[in-house]
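Colleague: Here you go, sequence then predicted model.
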Amino acid sequence: MSGFLGSELHPGAEDNTSLISTQSLNPGPDTLTKLVKRLRGLTLVLLPVEVDPSSIDDPTSRVITPRVISAYRAAAGDFTEALPYCLLRARTEFMWDANHNPADYGENLGRAVACEVLARRIVHLAEPDKIKDIMAKRFQHRQIDGDESEMSSALEMAIDQHCTIFLSSSEAQEVVNALWTGDLIQINNKHHDIDCWLVGEGFMLLPLIDQPNRYQNIFRISVWLFFLFVYSQAVREPLERLDETHENSLDEWEIVLYVLSLSFIVEDLHKLFTLLRLVTYRAFTFWSAIAFITDSLLLSAFTLRIVGLHATGENSSMMHLRSFQVLSCVAPFIWMKLLTVFDGYKYIGTMQICVARMLKESGIFFALLSVLAIGFAQGLYALDAADGKAEGASSVLNVLVQALLQSPDYEKFGSSPTGLGLYYLWNAVTAIVLLNVLISLFSSAYSDVVEDAEAQYLAFFASKTVGMIRAPDSYVYPAPFNLIEAVFVAPFEFLPFLRIGEKRYAKAGLNRYIMGTIFFIPLVFIAFFESMSDRRKHTWLNNWFRGNDEGDEDSPANRNPIVDDPNCQGLEISKVSFEELIKVFPNTSQSAEATIVKEIDDVKKQLTQLMKKLDKLQT
């Protein structure tokens, strides 16, 4: 026991065996599953009762102490590099237990938070040059049904679970920022594992095609702004274009619009396939639904337009008009998606998180509203049809929606006291009860995000960065150039009679030739910027000269400086030594309870020594 507990004084001691090279060990799913079960057993013993999650996450927590961290590190044996992954996997299982066992929700929530905090603290204790490998190394575990899970890294698993504690750590953000700026390039190999190279530090000279995510983001912003301009031109004054020439052919703006739309649809379908294959349904968000609606409307407008081109007479004009009407309905959604394009900026990203959380919380409101609406609609329709005449269900739904939007039509049921009373009750329930419930839900969601805005945004930014490179395809063609990939590259990868062998494919470099041709001009500008304007290339040299930003605390010259100023002969700074000064400092690395216990232990030791001396004197 004392062997590994002593490592808290020397955090890197046990790394010599298991973290020499994270690529040298490749444990199988069964091995990691056994480690996950062992960590779950430790956590059950550590937290047998419910504990407030805020006290677990506290830097001076009395639960996650240095000795506890050392115990968990020792529990991994020779597989310390997989420990953060296994702890986050244990967190997933505890959260599943919490959501499926409401009676023990508090206990399992505390255990899940403890696993996440431990993963963060253990990564913090790793050597700096091994953090990127620990974060990016992909592992597998054995699922409950016996199948092997998809390969995933600790960083990806934290993103899938939205682990704000883990993702807001300096180590996780160091990796995310390295991916964003291009200091770290991740390339997926044939086993869906990740090969990592550091740019500019002597590891490997990367080809020009492998560009940082920030340039991909700038390119996507430019394409989307161009798409908005094309859309505005395509829907401008549609009725004036209903001439015979325009009805029989697509104009230039429509052609560009539908080509861009097709590229976005292909990109969203590929993203959907990737999520279903490699991730889980939890990766689907509110913006996934917005993308689905947008793609559906654009596809419907295009279909109606093509049908109108092949129709004759009034049908052609009608289909043309319907196409523009559907296309006009796309406007709110494509402008709404503009938030997702600029979400790399902190303010917009935080605002997007707030909106998404509010809409998620509004599900309770709409669930209650739908149940009540069905009941009131059925009652009002029955009262309307009691005299043998009914205006239809749509009219009843119309007045209910108008009342919900604060414009009730009381004259509709003026002739029926019972119907008017029921309509009054609907207005009272929606205006007084349900809307106030919605306001309280929005307020709660907003306060939760704002109170933890920094961690929420860092987790969101990590998800955005990793999501841009998570696809198993190492050569990602952003829209609209993904259409070129579908025509000139995909047939040589998937069609049996055109498929290029793996060695020949790697040697030929088909993707590199095509991408180099397409992106030649922007890559030239990027290369010029990287070589002339970007000062990141000197970052490692500056850090080396500057050293640790916290200072060399072990240096006697810094702790007890000597005055060698000729103008201050005989004067001293260190009249009181550094060691004497810090004796009065409180131990901020321990909680108040731990400090009290330590002081009590010291008093006990002193009393024991005193009693021994008294016994000797008496004898």
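Modeller: Nice, I can see it.

Colleague: CA atoms for contacts and neighbours, from now on please.
Modeller: Noted.

Colleague: Let me see the mean pLDDT of stretch 142-157.
Modeller: Taken as a whole, stretch 142-157 carries a mean pLDDT of 84.

Colleague: Between the two ends of it, how far is it?
Modeller: For stretch 142-157, the separation between the terminal residues is 15 Å (C-alpha to C-alpha, to the nearest Å).

Colleague: Check stretch 73-80 too.
Modeller: Where stretch 73-80 starts and where it finishes are 6 Å apart, if you go by C-alpha to C-alpha.

Colleague: Check which residues of that stretch are buried.
Modeller: Neighbour counts using 16 or more other C-alpha atoms under 10 Å place 73-76, 78-80 of stretch 73-80 among the buried residues.

Colleague: which residues of the stretch 1-150 of the chain fall in strands?
Modeller: When secondary structure is read from DSSP state E, counting those that start in this stretch, the stretch 1-150 of the chain shows strands at 138-139.

Colleague: For it, which segments count as helices?
Modeller: Secondary structure of the stretch 1-150 of the chain (DSSP state H, counting those that start in this stretch): helices at 2-5, 15-18, 29-46, 53-57, 66-75, 83-100, 105-125, 131-136.

Colleague: Mind putting the ones you listed into JSON lines with distance to Leu458 and mean pLDDT?
Modeller: Putting those into JSON lines (distance: least, C-alpha to C-alpha, whole Å; pLDDT from 0 to 100) gives the following:
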{"stretch": "helix 2-5", "distance to Leu458": "33", "mean pLDDT": "42"}
{"stretch": "helix 15-18", "distance to Leu458": "28", "mean pLDDT": "38"}
{"stretch": "helix 29-46", "distance to Leu458": "27", "mean pLDDT": "90"}
{"stretch": "helix 53-57", "distance to Leu458": "17", "mean pLDDT": "87"}
{"stretch": "helix 66-75", "distance to Leu458": "25", "mean pLDDT": "89"}
{"stretch": "helix 83-100", "distance to Leu458": "18", "mean pLDDT": "92"}
{"stretch": "helix 105-125", "distance to Leu458": "14", "mean pLDDT": "93"}
{"stretch": "helix 131-136", "distance to Leu458": "16", "mean pLDDT": "84"}
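
Colleague: nearest to Gly419, of those helices?
Modeller: The stretch from the helices of the stretch 1-150 of the chain with the least distance to Gly419 (C-alpha to C-alpha) is helix 83-100; that distance is 42.7 Å.

Colleague: ok and that closest one relative to helix 29-46, angle-wise?
Modeller: Here the directions of helix 83-100 and helix 29-46 differ by 60 degrees (axes from the mean of the first three to the mean of the last three C-alpha atoms, to 10 degrees).

Colleague: and helix 83-100, what does it pack onto?
Modeller: Contact analysis of helix 83-100 by 3 or more C-alpha pairs under 8 Å, 6 or more residues apart in numbering; DSSP states H and E lists helix 29-46, helix 105-125, helix 154-161 as its packing neighbours.

Colleague: Centre-most residue in the chain?
Modeller: For the chain, the residue sitting closest to the mean C-alpha position, by C-alpha atoms, centre = their mean, is Ser463 at 2.8 Å.

Colleague: what's the spacing between whichever strand or helix holds Lys613 and its chain's center?
Modeller: Secondary structure assignment for Lys613, by DSSP states H and E: helix 592-618. Per C-alpha atoms, centre = their mean, to the nearest Å, the displacement of helix 592-618 from the mean C-alpha position of its chain is 51 Å.

Colleague: Which positions in the helix or strand containing Ala382 come out as buried?
Modeller: With the criterion set as DSSP H and E, the secondary-structure element containing Ala382 is helix 346-384. The neighbour-count check on helix 346-384 (16+ other C-alpha under 10 Å) flags 346, 348-362, 365, 369, 373, 376-377, 379-381, 383-384 as buried.

Colleague: Then stretch 51-70?
Modeller: Neighbour-count burial for stretch 51-70, with 16+ other C-alpha under 10 Å as criterion, is recorded at 51, 53, 56-57, 60-70.

Colleague: So for stretch 382-402, what gets flagged as buried?
Modeller: Residues of stretch 382-402 classed as buried under the neighbour-count rule (16+ other C-alpha under 10 Å) are 383-384, 396-397, 399-400.

Colleague: quick check, nearest of those residues to Leu510?
Modeller: Closest approach between these and Leu510, by C-alpha to C-alpha: Leu397, at 57.9 Å.

Colleague: Was I right to think the closest one contacts Phe376?
Modeller: No: under the criterion of C-alpha atoms under 8 Å, Leu397 is not in contact with Phe376, lying 9.5 Å apart.

Colleague: Please enumerate residues in contact with stretch 139-146?
Modeller: Residues outside stretch 139-146 that contact it (C-alpha atoms under 8 Å, 6 or more residues apart in numbering): 26-33, 82, 85, 148-153.

Colleague: Most neighbours among these, which one?
Modeller: Highest neighbour count within the contacts of stretch 139-146: Tyr85, with 29 neighbours (other C-alpha atoms under 10 Å).

Colleague: I'd like to know how far it sits from Lys613.
Modeller: For Tyr85, the distance to Lys613 under the criterion C-alpha to C-alpha works out to 53 Å.

Colleague: How about the contacts made by Leu359?
Modeller: For Leu359, the contacting residues are Phe286, by C-alpha under 8 Å, 6+ apart.

Colleague: go on, Ala455?
Modeller: For Ala455, the contacting residues are 164-165, 167-168, by C-alpha under 8 Å, 6+ apart.

Colleague: again, but for Ile573
Modeller: 560-563 are the contacts of Ile573 under C-alpha under 8 Å, 6+ apart.

Colleague: hmm, back to that, for the buried residues of stretch 73-80, which one is nearest Arg214?
Modeller: Nearest to Arg214, judged by C-alpha to C-alpha, of the buried residues of stretch 73-80 is Thr80 at 32.5 Å.

Colleague: rewinding a little: for the helices of the stretch 1-150 of the chain, give me a markdown table that also has distance to Leu299.
Modeller: Supplementary listing: the helices of the stretch 1-150 of the chain in a markdown table, determined by distance: least, C-alpha to C-alpha, whole Å:
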| stretch | distance to Leu299 |
| --- | --- |
| helix 2-5 | 62 |
| helix 15-18 | 54 |
| helix 29-46 | 43 |
| helix 53-57 | 47 |
| helix 66-75 | 54 |
| helix 83-100 | 38 |
| helix 105-125 | 43 |
| helix 131-136 | 38 |
